[in-house]
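S.K.: I need the structure of the sequence given here:
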Amino acid sequence: VTVTPTGETQTFEESNDTLDTASATQLNTDTPNLNLAGEIGNNDFGNQDIDLYRLDLREGDQLTADINTNDNSSFDSVLRLFDSFGQEIARNDDAPSFNSSSSQEGDSLLEFSADTPQTYYLGVSGFGNSNYNPSQENSGSKGSTGPYNLALTLTSTGSENPSNDTISQSIDASSPLAED
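M.R.: Numbers count the residues shown, from 1 in each chain. Model prediction:
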């Protein structure tokens, strides 16, 4: 798996098949757009391979996860989002992307608004392998395989948390003016 935040490239080993081994992304307010290149089927699990990514979101954060494949790819993706306990909270299969250069029918698009600050996990798998257990490797069914690009976008609407939001915390802006 390769992560590309604004020109940088980072490669992860293919061991991101469980929540415990999920690839940590650098998605945050300073790096709100990431492009990841991965492949389903490139390990010993073959067509039962999944890729999991760790995302730390704050309350109000909006996540867009957009799978794009090239026109020659037969990879049919499924995106699943899990909470910190491994419970599925969102899923998408075969939604054409709204702003991608590819509009492959098998590409997935998932949009999510975090209502609690926590660690979330985004799973990429092939169609046919959409009911895997994210806590156990090689737990799913045979699914589609192939390379993919995953565009992650974070829109943060979380509070700025300043210390002067109430009257009792207000800053006294009056000061004596110097007289000439």
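S.K.: residue ranges with poor pLDDT in this structure?
M.R.: Within the chain, the stretches with pLDDT under 70 are 1-13, 96-105, 158-180.
S.K.: List phi and psi for the closest residue to residue 138 other than its chain neighbours.
M.R.: Leaving out its chain neighbours, the residue that sits closest to residue 138 by C-beta to C-beta, 6 or more residues apart in numbering is residue 45, at 4.7 Å. For every residue, glycine as well, the C-beta is placed using N, CA and C. Main-chain torsions, residue 45, degrees, to the nearest 10: phi -80, psi -10.
S.K.: Just list the residues touching residue 45, thanks.
M.R.: Listed by C-beta atoms under 8 Å, 6 or more residues apart in numbering, the contact set of residue 45 reads 17, 137, 138.
S.K.: Those, buried ones only, as a ChimeraX selection?
M.R.: Buried residues within these, by 16 or more other C-beta atoms under 10 Å, are selected in ChimeraX with:
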select :17,137
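S.K.: among the contacts of residue 45, which are in helices?
M.R.: Within the contacts of residue 45, no residue falls in helices by DSSP state H.
S.K.: where along this protein do the strands fall?
M.R.: With DSSP state E, the ranges of strands along the chain come out as 2-4, 10-11, 23-24, 33-40, 51-57, 62-68, 77-82, 88-93, 109-113, 118-126, 146-155.
S.K.: Let's have those in CSV, adding mean neighbour count and distance to residue 133.
M.R.: Below are these laid out as CSV (neighbours: other C-beta atoms under 10 Å; distance: least, C-beta to C-beta, whole Å):
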stretch, mean neighbour count, distance to residue 133
strand 2-4, 17, 25
strand 10-11, 12, 27
strand 23-24, 16, 18
strand 33-40, 19, 17
strand 51-57, 21, 11
strand 62-68, 21, 20
strand 77-82, 24, 10
strand 88-93, 16, 10
strand 109-113, 18, 19
strand 118-126, 23, 11
strand 146-155, 19, 21
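S.K.: Excluding chain neighbours, what is closest to residue 82?
M.R.: residue 121 (4.3 Å).
S.K.: ugh, typo on my part, it should be residue 29
M.R.: residue 156 (4.8 Å).
S.K.: so how many other residues sit close to the one you found?
M.R.: Residues within reach of residue 156, counting by other C-beta atoms under 10 Å, total 15.
S.K.: Also residue 72?
M.R.: The burial count for residue 72: 7, using other C-beta under 10 Å.
S.K.: that older thread, can you tell me which of the contacts of residue 45 lies nearest to residue 91?
M.R.: Distance to residue 91 across the contacts of residue 45 (C-beta to C-beta) is lowest for residue 17, with 18.1 Å.
S.K.: rewinding a little: wait, isn't the residue nearest to residue 29 in contact with residue 63?
M.R.: No. Counting by C-beta atoms under 8 Å, residue 156 does not reach residue 63; the two are 10.1 Å apart.
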